[in-house]
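*Asks:* predicted model, plus sequence, below.
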Amino acid sequence: MTWRPVALPRTVARSRLGRTAAALLLVVGGLGGWWLAAADRADYPRGEIGFATGVQRGVYDRYGQLLRTYLHTAMPGAELRLDNSQGSIDNLDRVASGRDSFAIATADSVASYRGDGKDRLRGIARLYDDYLQLVVPADSKVQRASDLKGLRVGVGQSRSGVLLVTKRLLASAGLDPDQDVAAANLGVGDAADQLKNGQLDAFFWSGGLPTSALSDLSDQFAIRIVPLGDLAEAVGHGEGGGADAYRAATIPADAYPKARPAATAVATLAVPNLLITRDDVDPALVERMTQAVIDSRDAIGAEVHAAQVVDLRTAVYTDPLALHEGARRYYLSVKP
């Protein structure tokens with residue numbers, strides 16, 4: 001017997017053809033959607049990633065903790081190793097030498113940095129501004145920076161951005177940082193403890209607002225923030241790399257509501273913070289890190305108020321560092 005195909009009625013054939021075409025479209029459409037989603041999110045290397053933060057109880061430290069938590073969901077398989085440091089200059093050393101892949105550093109520290117590997121440093125995002133804060137007991141006679149002569153003053157750790165700007169400010173106030181004050185190289189937590197215990201007369205801190213170590217100190221001890229606005233122009237036009245990174249700024253009255261006198265804004269100066277990396281760090285990793293920093297603004301900003309100002313429109317300005325290729329790709333992908 002010879003087999004012959006049975007001709008289906010035209011309506012049945014059309015119906016089957018239609019169902020087959022529809023099924024193919026669903027499959028292709030699903031694959032297309034998957035492809036677009038995959039293309040939209042660059043693959044990245046998994047594993048431990050070194051991130052240099054700063055002193056314990058400082059803003060860098062808390063920002064790093066919250067970013068690590070955010071990345072657990074945003075970048076599965078990428079685990080931030082948080083490395084405490086003395087601050088910006090220490091962080092620049094750590095990234096330039098390859099000990100860490102990411103860090104935060106102030107723009108003035110970047111501009112004045114002269115360490116090996118400086119030409120390999122790259123920017124990822126401008127984050128938020130640090131405000132210079134001179135903290136004294138509420139009943140202190142210190143009314144301006146020049147009144148610090150002969151006093152015991154916390155000036156920041158030896159490899160910190162705090163020390164860099166503090167030395168510049170003291171010089172602008174007519175004081176020799178190495179001769180006219182009894183300088184103590186302390187992080188913000190230790191400086192706050194020593195001020196409360198009477199071991200210091202004052203200390204400088206450069207950080208986002210509010211800094212939890214200062215908020216905690218004001219809960220236990222009456223403090224005052226000394227105005228520094230009269231020196232903003234002199235510091236901004238001073239000698240040394242990065243002097244043009246400073247700007248006149250105001251610490252809002254509600255930054256430290258328990259500081260004395262209450263409800264008083266304080267004039268000072270500020271400097272931008274940059275998220276930095278190195279030119280050989282994987283572009284896909286940097287691209288995803290850039291996206292995470294922008295997308296996590298509200299989540300991190302709920303606890304680190306300074307991070308609320310991280311903004312896509314300003315993040316791209318990482319002067320004096322050129323953008324890393326991975327960061328450049330991200331900003332181009334979201335450009336309107």
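*Replies:* Noted; the coordinates are in hand.
*Asks:* which residues in the stretch 151-300 of the chain form helices?
*Replies:* Using DSSP state H, counting those that start in this stretch, the helices of the stretch 151-300 of the chain run over 161-172, 188-196, 212-220, 232-236, 283-295, 297-301.
*Asks:* mean pLDDT for those helices: which is lowest?
*Replies:* In terms of average pLDDT, helix 232-236 trails the rest of these, at a mean of 91.
*Asks:* show me what that one is packed up against.
*Replies:* Helix 232-236 sits against helix 161-172, strand 247-251, strand 266-278, with contacts defined as 3 or more Cβ pairs under 8 Å, 6 or more residues apart in numbering; DSSP states H and E. To be clear about C-beta, it is placed using only N, CA and C from the backbone, and glycine gets the same treatment.
*Asks:* those: which one's closest to Gly54?
*Replies:* Closest to Gly54 of the helices and strands packed on helix 232-236 is helix 161-172 (Cβ to Cβ; 8.9 Å).
*Asks:* helices and strands around the closest one, which ones?
*Replies:* Packing contacts for helix 161-172, counted by 3+ Cβ pairs under 8 Å, 6+ apart, involve helix 88-96, strand 102-106, helix 107-112, strand 121-137, strand 202-207, helix 232-236, strand 266-278.
*Asks:* what's the most buried one of the helices of the stretch 151-300 of the chain?
*Replies:* Stretch with highest mean neighbour count among the helices of the stretch 151-300 of the chain: helix 161-172 (a mean of 25; mean count of other Cβ atoms under 10 Å).
*Asks:* break this protein down into its structural domains.
*Replies:* Per automatic domain parsing, the structural domains of the chain span 47-128+273-333, 130-272.
*Asks:* quote the end-to-end distance of the first one.
*Replies:* Using Cα to Cα, to the nearest Å, the end-to-end distance of domain 47-128+273-333 comes to 25 Å.
*Asks:* distance from it to the middle of the chain?
*Replies:* Between the centre of domain 47-128+273-333 and the centre of its chain there are 6 Å (Cα atoms, centre = their mean, to the nearest Å).
*Asks:* same deal with the last one?
*Replies:* In this view, domain 130-272 has its centroid 20 Å away from the chain centroid, taken as Cα atoms, centre = their mean.
*Asks:* start and end of that domain, how far apart?
*Replies:* 6 Å.
*Asks:* now stretch 296-311
*Replies:* Termini of stretch 296-311 sit 11 Å apart (Cα to Cα).
*Asks:* which residues sit against it?
*Replies:* Identification of contacts with stretch 296-311 by Cβ atoms under 8 Å, 6 or more residues apart in numbering yields 59, 62-63, 66-67, 70, 74, 125, 127-129, 207-210, 293-294.
*Asks:* next: stretch 206-213.
*Replies:* Stretch 206-213 is touched from outside by 57-60, 62-63, 106, 128-133, 156, 161-162, 165-166, 188-189, 192, 205, 251-252, 255-256, 271, 273, 304-307, with contacts defined as Cβ under 8 Å, 6+ apart.
*Asks:* circling back: could I get the helices and strands packed on helix 161-172 in JSON lines, plus columns for distance to Ser146?
*Replies:* As requested, these are arranged in JSON lines below (distance: least, Cβ to Cβ, whole Å):
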{"stretch": "helix 88-96", "distance to Ser146": "26"}
{"stretch": "strand 102-106", "distance to Ser146": "24"}
{"stretch": "helix 107-112", "distance to Ser146": "22"}
{"stretch": "strand 121-137", "distance to Ser146": "11"}
{"stretch": "strand 202-207", "distance to Ser146": "12"}
{"stretch": "helix 232-236", "distance to Ser146": "12"}
{"stretch": "strand 266-278", "distance to Ser146": "15"}
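*Asks:* cheers, nothing more for now.
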